[in-house]
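kindly return the folded structure for what I paste below:
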Amino acid sequence: MKTGLITSDTYQNHNTGSGHPEQVARVDVILENFKKINNKNLIWKKPSKVKNEILKMTHNSDYIDFVQNSFPKNDFSSLDGDTIISPGSKEATIDAVGSVMAAIDGVQNKEFKNAFCAVRPPGHHATRDKAMGFCVYNNISVGVQYLLTTFNLKKVAIFDLDIHHGNGTQDIFYDNPNVFYISTHQYPFYPGTGSENEKGQYNNILNIPLPSGTNSEEYLNALETVLKRLKDFDPDFILLSAGFDAHKHDPIGQFNLESNDFYTITKRVLEISRLCCEGKVVSILEGGYDLNALKESTEMHVNALLEFY
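Sure thing, here's the model as predicted:
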């Protein structure tokens, strides 16, 4: 079996300006590394086309209209203080969503066993009606809705391992019993959400806030709770908000994970996926802002995906 690598060229046109941490080079270094490795079991695939009806399952119609009318004809604009857009962002944002859909199609149709979406902009901070934290559309949430509606799945789990809490994803599914959202994150930290008391209307939210300075051993101990609750939920499909900003070299976060920890985390989630959903896992890039750490960590992450049988 193979692993899908879903990406597009349009991410290069999402220009956020000089000095912005969410830069074109983030995906450049990931893709250049995988081209150099040239693993024949890695299946490269382009994003699917995305209709507005798909976006409307996740985002308000007014917000979609607002975004689509906000892309500047030149230079830059901003959707919030952190979320910068340029003319090329229009295609990049929609292709980030379409990459998740293509990955899901590939897994469901047994084209490959699992997949990693190397996309930008990220998505997990975007709410139903607001862009924030570098995120425009909530890529992973659109993927969840796609699984629930197009493939009629009953239970989908999200594990968000970005160092920031995915407030947008939590908000979108807070009252949905068919979706279980789990997040490990630095706390207190941006965006200020993610306390243990935020449990969802159906106890379908699990937040595991961790302090600044969390190291590998402490994180992997916390992962035990994630794995137990994932197994108990018994999902039909698992989606990963794969942020790599918990790395010790990341300039934004203050965790101390090593590159190889992302291999271990991924492998252990995959072991649970074998028990509940035939290994059906799609991973979507979120944060990670040190380029070398991002290159190493995504390689470790995808190695685990490739090795899984």
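
next, count neighbours for the nearest residue to P251 once chain neighbours are set aside.
Spatial nearest neighbour of P251, chain neighbours left out: Y289 (5.6 Å); criterion: CB to CB, 6 or more residues apart in numbering. Placement of C-beta: from N, CA and C, glycine included. Around Y289 there are 21 other residues, counting by other CB atoms under 10 Å.

list the contacts for Y289?
Y289 makes contact with P21, E22, R26, D245, D250, P251, I252, according to CB atoms under 8 Å, 6 or more residues apart in numbering.

surely the fourth one is in contact with I163?
Looking back up the chat, that one is D245. Yes: using CB atoms under 8 Å, D245 is in contact with I163, at 4.5 Å.

where does G168 sit: helix, strand or coil?
Using DSSP: H, G, I helix; E, B strand; the rest coil, the three-state assignment for G168 comes out as helix.

quick one: which of the contacts of Y289 sit in helices?
Secondary structure from DSSP state H places R26 of the contacts of Y289 in helices.

which among the contacts of Y289 end up buried?
When the contacts of Y289 are checked for burial by 16 or more other CB atoms under 10 Å, the buried set is P21, E22, R26, D245, D250.

isn't the first one right up against D250?
No: when contacts are counted by CB under 8 Å, P21 is not listed as touching D250 (9.5 Å).

still on that earlier bit, what sits in contact with each of D245 and I163?
Joint contacts of D245 and I163 (CB under 8 Å, 6+ apart) are I252, G253, G287.

wasn't L239 part of a strand?
Yes: under three-state DSSP, L239 falls within a strand.

is it in a bridge, and if so with what?
Taking DSSP bridges as the rule, L239 bridges to I158, V282.

what about it, how many residues nearby?
L239: 29 neighbours (other CB under 10 Å).

spatially nearest residue to the residue nearest the centre of the chain (excluding sequence neighbours)?
Nearest to the mean C-alpha position of the chain, counting by CA atoms, centre = their mean, stands S241 at 2.8 Å. Using CB to CB, 6+ apart and skipping the chain neighbours, the partner closest in space to S241 is D160 (3.8 Å).

that neighbour reaches T193, doesn't it?
No: applying CB under 8 Å, one finds D160 not in contact with T193, separated by 11.7 Å.

coming back round to it: from the shared contacts of D245 and I163, which single one is nearest V107?
G287 (23.4 Å; CB to CB).

got the contact list for the closest one?
Counting by CB under 8 Å, 6+ apart, G287 makes contact with P122, F134, D162, I163, H164, G243, F244, D245, D250, I252, G253.

element containing it?
For G287, there is no host helix or strand (DSSP states H and E).

just the pLDDT at it, thanks.
Looking at G287, its pLDDT is 98.

from E91, how far out is it?
For G287, the distance to E91 equals 22 Å [CB to CB, to the nearest Å].

same question, S8
To E91, S8 is 8 Å away according to CB to CB.

more neighbours: which of those two?
S8 (23 against 18).

the residue lying closest to that one once chain neighbours are set aside in helix, strand or coil?
In this structure, S8 finds its nearest non-sequential neighbour in D95, 4.1 Å apart by CB to CB, 6+ apart. Following three-state DSSP, the label given to D95 is helix.

next: S183.
Applying three-state DSSP: S183 is strand.

number of nearby residues for the residue nearest to it when sequence neighbours are not counted?
Computed as CB to CB, 6+ apart, the closest residue to S183 that is not its neighbour in sequence is D160, at 4.2 Å. A total of 27 residues lie near D160 under the criterion other CB under 10 Å.

and D160, how far from S86?
Taken as CB to CB, the span from D160 to S86 is 27 Å.

what's the answer for K35, then?
Distance, K35 to S86, using CB to CB: 25 Å.

who has more neighbours, these two?
Legend: neighbour count by other CB under 10 Å for K35 and S86, higher for S86 (18 against 10).

ok, the more buried one touching K73?
No: using CB under 8 Å, S86 is not in contact with K73; the gap is 10.0 Å.

that older thread, show me the contacts for the residue nearest to S241.
D160 touches 124, 140, 166, 169, 181-185, 240-241, 243, 286, counting by CB under 8 Å, 6+ apart.
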